[in-house]
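>>> what shape does this take:
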Amino acid sequence: EMEGEVARSAEEHMRFSVELELVQMLASPTYLQFLAEHLFLDDPDFVAYLEYLQYWQTPEYTQFLMYPNCLRFLRLLQHETFRAALKRPEFVTMMHQQQGFFWQYGLATK
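So this is what the prediction gives:
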């Protein structure tokens, strides 16, 4: 029984680590574009998985995020229009620019 608990704990830790990494990768417009171009965002199962990952929005989990802007993109990925827009290079460029402006100016005003 103890071995089963250790194995379960190891699996839970691995799952936590993998899901944390994936959620944080969503902070990158380039990664979002990759997902769109390779049709991951057209896969209903993948979109459902992104919906499942919404639990990262809770304070219990947000404390582990280094890139909290990933949560905004995680929410937006639930919208078909946002997923479709990620296939347009000019949209992704605009996202990069807006993110850069926020980091440069938005954080400086706080």
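>>> gap between the closest residue to residue 68 other than its chain neighbours and residue 91?
Distances taken as CB to CB, 6 or more residues apart in numbering place residue 62 nearest to residue 68, at 6.6 Å, with adjacent residues excluded. For glycine as for every other residue, the C-beta is placed from the backbone atoms N, C-alpha and C. Remark: distance between residue 62 and residue 91 (CB to CB, to the nearest Å) = 26 Å.
>>> between these two, who's got more neighbours?
residue 91 (17 against 12; other CB atoms under 10 Å).
>>> counting neighbours, what do you get for residue 12?
Neighbours of residue 12 under the rule other CB under 10 Å: 10.
>>> so it is in which element?
helix 2-25 (DSSP states H and E).
>>> residue 27 and residue 70, how far apart?
4 Å.
>>> so which of these two has more stuff around it?
With neighbours defined as other CB under 10 Å, residue 27 and residue 70 compare such that residue 70 has more, 22 against 19.
>>> what sits against residue 62?
Each residue near residue 62 by CB atoms under 8 Å, 6 or more residues apart in numbering is listed here: 56, 68, 71.
>>> make JSON lines out of those and add pLDDT and neighbour count.
Below are these laid out as JSON lines (pLDDT from 0 to 100; neighbours: other CB atoms under 10 Å):
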{"residue": "56", "pLDDT": "97", "neighbour count": "21"}
{"residue": "68", "pLDDT": "89", "neighbour count": "11"}
{"residue": "71", "pLDDT": "96", "neighbour count": "20"}
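>>> closest to residue 99 out of the residues you listed?
residue 68 (12.2 Å; CB to CB).
>>> pLDDT weak spots in this protein?
Applying pLDDT under 70 to the chain picks out residues 2, 4, 6, 100-110.
>>> which parts of it are helices?
2-25, 29-37, 44-52, 59-62, 69-76, 80-85, 89-101 (DSSP state H).
>>> against residue 77, how distant is residue 54?
Distance from residue 54 to residue 77, by CB to CB: 10 Å.
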